[in-house]
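K.L.:
sequence first, then the predicted structure:
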Amino acid sequence: MTREEAGRLPQVLARVGASHGITDLACKLRFYDDWAPEYDKDVAALKYRAPCLAVDCLSRALPGPPQDALILDVACGTGLVAMELQARGFLQVQGVDGSPEMLKQAQARGLYHHLGLCTLGQEPLPNSEGGLICLTTRSNPSNLPYKQALEAVLDSLEQAGAWERLVAQPVEHWELATSEQETGLGTCANDGFISGIIYLYRKQGRAQGKGGRPSILAPVDH
């Protein structure tokens, strides 16, 4: 951690801790609009690894060369996932997010073929015929209710034959905890990090996206 990151860490911990406590969607989106200019610096101070971990999982599962895959980055934020994708050779990346200010930051990176305003669960996603779906979330104590609700939805999709689970991979070093209480469950002892989990599913039925290429959905939860 750089001296600058260490110096801003208390402010970052407070901000991220506040974001985890917001449940109202409109309030959450306003929070992310305000956070957008400082987001990258803040998550760097937290050693946030979700984008890297998600792209690792997708890269291992992809059946063909990365340059042929059409990627839809859902809840793309400032474009941290796109940076990881480009580094692995993925060239066809689209993104959607519910925060206009986050999309401005993502647009400035110049890595997306297309960006659109779309809130997960509120509007239909583009390229909905995608073959592989990757979702990630935290498994720290305060996020367990959300994680359990998410898994219930995923289980119902699998039981209905809509999705097939390929991977449910716990990961220990997700990001630094925002409080001492958050290091108590599902984390390595006393290392200061919270844990997370990555889910990878194959969508059943029409499993190929536009042009016969796999379409991968990668919503990353912070």
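P.N.:
Arrived safely. Numbering: from 1, shown residues only.

K.L.:
mind naming the longest helix for the protein?
P.N.:
helix 3-20 (DSSP state H).

K.L.:
chain center to stretch 193-203: distance?
P.N.:
Mean-position distance between stretch 193-203 and its chain equals 9 Å (Cα atoms, centre = their mean, to the nearest Å).

K.L.:
extract the C-alpha set from it and format it as CSV.
P.N.:
C-alpha atoms of stretch 193-203 as CSV (Å, rounded to 0.1, in the frame of the first residue of the first chain):
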residue,chain,number,x,y,z
PHE,A,193,-9.5,-9.2,4.6
ILE,A,194,-13.1,-10.2,4.0
SER,A,195,-14.0,-13.2,1.8
GLY,A,196,-16.2,-13.5,-1.3
ILE,A,197,-17.6,-16.0,-3.7
ILE,A,198,-17.7,-16.4,-7.5
TYR,A,199,-20.5,-18.1,-9.3
LEU,A,200,-20.3,-19.3,-12.9
TYR,A,201,-23.4,-20.6,-14.7
ARG,A,202,-24.1,-21.8,-18.2
LYS,A,203,-27.4,-20.6,-19.5
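
K.L.:
what count of nearby residues applies to the nearest residue to V81 once chain neighbours are set aside?
P.N.:
Closest residue to V81 apart from its sequence neighbours, by Cβ to Cβ, 6 or more residues apart in numbering: P51 at 4.5 Å. Where you see a C-beta, it was placed from the backbone N, CA and C, and this is true even at glycine. If you count neighbours by other Cβ atoms under 10 Å, P51 ends up with 23.

K.L.:
and the helix or strand containing P51, what does it pack onto?
P.N.:
Using DSSP states H and E, P51 maps to helix 50-61. Secondary-structure packing of helix 50-61 (3 or more Cβ pairs under 8 Å, 6 or more residues apart in numbering; DSSP states H and E): helix 80-87, strand 132-138, strand 163-176, strand 193-203.

K.L.:
just the buried positions in that helix, please.
P.N.:
By 16 or more other Cβ atoms under 10 Å, the buried positions in helix 50-61 come out as A50, P51, C52, L53, A54, V55, D56, C57, L58, A61.
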